[in-house]
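**Student:** Build me a structure from this.
(one chain, ligands or ions: 1)
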Amino acid sequence: MEIQQLEFLKHLVRFKRHVYLDHNATTSVSSHVRRRMNHVLKYCYGNPSSLYGIARKSTEIIEEARQHVADAIQAEPGEIYFTGGATESNNAVLKSLSNYFYPKKKKIISTPIEHPSVINTLEFLKTQGIVVEYCPVDRQGRVLPAELEKLIDEETFLICCMLANNEIGTIQDIPAITKIAGQHEVLVLSDCVQALGKIPIDVHGWGIDYASFSAHKLYGPKGVGALYVKQGSPFAPFMHGGHQENNMRAGTESLHNIAGFGAACQDVNKLLDHTKQIRVLKRQFIQRLKKIKPDCVINSPEADCLPNTVSITFPHVNNAGLMAVFDYYGIAVSAGSACSAQEDKPSHTLKAIGLSDQAAKETIRVSLGCCTSARDIRYTTQVFQNYIEDRTMLVNMITPAQLNETILFDKQVYILDVRPQFLRRNLKSLPNSHEASFVAIEKYLHQLPKDKHILVVCQGGGLSYIVAYYLKSKGFEHVSNLLDGVAGWKVRRDDLYQKYAGQNVTVLQPAK
Ligand code: PMP
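**Tutor:** Numbers count the residues shown, from 1 in each chain. Now for the predicted structure:
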């Protein structure tokens, strides 16, 4: 076969393949959930707060879903409140309890590896007078209950500790933590988002006071979650309005989403059964990676870890480059939590377990799911091997030191800045650059010159890597990525930054 034909065939294979290994970010909606939601969307439109027949039918749907959620976590239906997602559930508990206890009691104890919906809420509460202390974790993200106990004092009203970590998969000893908390009359909130459907949960047996859940992590829809509040635990609504959710969460219920969440929870036992298979695939994956790159470091614990999650550091391999190559070959993995991905900075969880900034930038998270196959694992490790052996380097790299006036003012170089808006405020753009949005990059393709050398830049050199590979896949011949981004260039070439940054910048308009 002609070389060209072979290349074309390889291209076809690449475009057909789609390997999703980011189930901790979100999951696809299962067919069972989809059927249930379609039914509700089609036939059940009554407002549950009204009194007539079709409204009562809607109430019935909500109560049925509540029962399914309660069954999945060993709670009573009266202890479940539907919310707009786990971010809301976490906010609701942290703010409601702070309001309830302050100023009599002021302190919340948490961990440095919580999800941003907890950490950023705690940081906000600090500005309102709440004292927050973070209990350090060990190298694998474990909180030692005895260390946590040392932080408890008269002022403490809440311990907030996630059941399973979204980035490294570490499972905490929640029963030990609730036991200690109980001895000191302190309440416990546990973010159980990543655990539901992956490990059994028993909120009653474990003595948890509050727990948050999200449907989209277990093959349900996005934008719906639940809050478990143990019978008798203090709680006041932080959203005011109508009488929905037993006066605890105002706003007309998102009926189809709630029904979908209920259906997803009905499948929890099946999901738990399937984790045996996922565990085997994860083990095979790790073994293959270790063979290809023996110096890789597994950050996830071997025991007490989510069956589907592994965090791996590959020394001297930039994670943005690896993710970009994976993306080019249709493989989805992530560097840290999806909620912080666009910030392009090292993950707070990886730093809290002791990784340096450099090691955090060499780390990826892989999270397997229901539809992950042995073939997916083989394909992914093959792409990884090709990358490590330098067979998939399609994008040139320009270091901050190399980016001098000759390149900046070369008419043949087209500088494309893909930083999100909020980051542009921190640092000015390169001179002569063209600003476009990372998330809608396909809407800018028609304006990009195919005959020029495109230099893609972002804040830290991560997002731009992905865009550079994307442009390659769209037929742009000469594409480069600025290593370490505008931030790195400012550090290295502050003279040029001071002289030229922000000059002659064009804001591109996306296609309608
Ligand atoms: N907590 C954890 C541990 C999560 O992984 C997530 C989702 N990334 C959330 C909370 C937030 O959930 P939601 O997307 O429903 O707001």
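
**Student:** got the contact list for the closest residue to residue 263 other than its chain neighbours?
**Tutor:** Nearest-residue entry for residue 263: residue 36, 4.0 Å, with adjacent residues in sequence omitted and distances by CB to CB, 6 or more residues apart in numbering. No exception for glycine: its C-beta is placed from N, CA and C like everyone else's. Listed by CB atoms under 8 Å, 6 or more residues apart in numbering, the contact partners of residue 36 are 259-260, 262-263.

**Student:** and the gap between residue 36 and the ligand?
**Tutor:** To the ligand, residue 36 is 19 Å away according to CB to the nearest ligand atom, to the nearest Å.

**Student:** where does the stretch 101-250 of the chain come near the ligand, residue by residue?
**Tutor:** Proximity of the stretch 101-250 of the chain to the ligand, by CB under 6 Å from any ligand atom, involves residues 115, 117, 162, 166, 191, 193-194, 214, 225.

**Student:** Excluding chain neighbours, give the residue nearest to the residue in the stretch 151-300 of the chain positioned nearest to the ligand in space.
**Tutor:** Residue nearest to the ligand within the stretch 151-300 of the chain: residue 214 (3.2 Å; CB to the nearest ligand atom). Counting by CB to CB, 6+ apart, residue 86 is the residue found nearest to residue 214 once chain neighbours are left out, at 3.8 Å.

**Student:** I figured that neighbour hits residue 191, correct?
**Tutor:** Yes - with contacts counted by CB atoms under 8 Å, residue 86 reaches residue 191, the gap being 6.7 Å.

**Student:** Pull up the overlap in contacts between these two.
**Tutor:** 115, 117, 212.

**Student:** what would those look like in a markdown table with neighbour count and pLDDT?
**Tutor:** Below are the shared contacts of residue 86 and residue 191 laid out as a markdown table (neighbours: other CB atoms under 10 Å; pLDDT from 0 to 100):
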| residue | neighbour count | pLDDT |
| --- | --- | --- |
| 115 | 25 | 98 |
| 117 | 21 | 98 |
| 212 | 29 | 98 |
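
**Student:** Restricted to strands, list these.
**Tutor:** Among those, the ones falling in strands (DSSP state E) are residue 212.

**Student:** Now render the shared contacts of residue 86 and residue 191 as a markdown table, adding distance to residue 313.
**Tutor:** Shown next, in a markdown table, are the shared contacts of residue 86 and residue 191 (distance: CB to CB, whole Å):
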| residue | distance to residue 313 |
| --- | --- |
| 115 | 21 |
| 117 | 26 |
| 212 | 29 |
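
**Student:** Now do stretch 425-445, average pLDDT.
**Tutor:** Taken as a whole, stretch 425-445 has an average pLDDT of 92.

**Student:** how about residue 178, secondary structure?
**Tutor:** Classification of residue 178 using DSSP: H, G, I helix; E, B strand; the rest coil returns helix.

**Student:** How about it, nearest residue that isn't a chain neighbour?
**Tutor:** Leaving aside its chain neighbours, residue 178 sits nearest to residue 207 (3.9 Å; criterion: CB to CB, 6+ apart).

**Student:** what's the one you found in contact with, if anything?
**Tutor:** Going by CB under 8 Å, 6+ apart, residue 207 touches 175, 178-179, 182, 188.

**Student:** repeat for residue 316
**Tutor:** residue 362.

**Student:** Help me confirm that it is found in a strand?
**Tutor:** No - under three-state DSSP, residue 316 sits outside any strand and is assigned coil.

**Student:** Ramachandran coordinates for it?
**Tutor:** phi 70, psi 20 (degrees, to the nearest 10).

**Student:** same question, residue 219
**Tutor:** The phi/psi pair for residue 219 (degrees, to the nearest 10) is phi 70, psi 30.

**Student:** Ok, residue 67 next?
**Tutor:** Dihedral angles for residue 67 - degrees, to the nearest 10 - are phi -60, psi -40.

**Student:** Run a quick neighbour tally on residue 49.
**Tutor:** Counted with other CB atoms under 10 Å, residues neighbouring residue 49 total 13.

**Student:** ranges for the strands of the stretch 101-250 of the chain?
**Tutor:** Along the stretch 101-250 of the chain, counting by DSSP state E, counting those that start in this stretch, strands occupy 107-110, 131-134, 156-160, 187-191, 210-214, 225-229.

**Student:** ok, back up a step: how confident was the prediction at the residue nearest to residue 263?
**Tutor:** Residue 36 is assigned a predicted lDDT (pLDDT) of 98.

**Student:** what's the next secondary structure element after the lengthiest helix in the chain?
**Tutor:** Across the chain, the longest stretch assigned as helix under DSSP state H is helix 268-292. Where DSSP states H and E defines the elements, the next helix or strand beyond helix 268-292 is strand 297-298.

**Student:** which element follows that next one toward the C-terminus?
**Tutor:** Heading C-terminal from strand 297-298 (DSSP H and E), you reach strand 309-313.
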